[in-house]
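Visitor: what shape does this take:
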Amino acid sequence: MTDPVVDQLREQITAIDRSIIEAVNRRLELVARLKRHKDENGIDFLDPDRERSMFDRASNENGGPLSDEGLRAFYTELLALTKRELTP
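Guide: Reported below is the predicted structural model:
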């Protein structure tokens, strides 16, 4: 027997998961374009100041319930994933 509330919530979660994957893929495409531009113009790909400012901005905009610790872990993994995907 299924619970309609559980089913509805799971459907919403699945839709959000799809949106997250689509957003990460779009982000990877943009970062790849940025990397190509930086490579062509002799600009270092990694920018620790930018990474810090990205987290600071996101932290200021975060209304929760995601904690700052959770947000930092998310960004740490997102940046690591991006670097893994874009470097041979």
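Visitor: and the helix or strand harbouring residue 50, what does it pack onto?
Guide: Assigned by DSSP states H and E, residue 50 belongs to helix 48-61. The elements that helix 48-61 packs onto, with contact taken as 3 or more C-beta pairs under 8 Å, 6 or more residues apart in numbering; DSSP states H and E, are helix 68-86. Just so you know, the C-beta spots here come from the backbone N, C-alpha and C atoms, and that holds for glycine as well.
Visitor: give me the buried positions along the helix it packs on.
Guide: Residues of helix 68-86 classed as buried by neighbour count (16 or more other C-beta atoms under 10 Å): 71, 75, 79, 82.
Visitor: just give me the neighbour total for the nearest residue to the last one once chain neighbours are set aside.
Guide: Here the nearest residue to residue 82 in space, its sequence neighbours aside, is residue 31; by C-beta to C-beta, 6 or more residues apart in numbering that works out to 5.5 Å. Summarising burial for residue 31: neighbours were counted as other C-beta atoms under 10 Å, giving 16.
Visitor: picking that back up, turn the buried residues of helix 68-86 into JSON lines, columns for pLDDT.
Guide: What follows is those, written out as JSON lines (pLDDT from 0 to 100):
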{"residue": "71", "pLDDT": "96"}
{"residue": "75", "pLDDT": "94"}
{"residue": "79", "pLDDT": "94"}
{"residue": "82", "pLDDT": "94"}
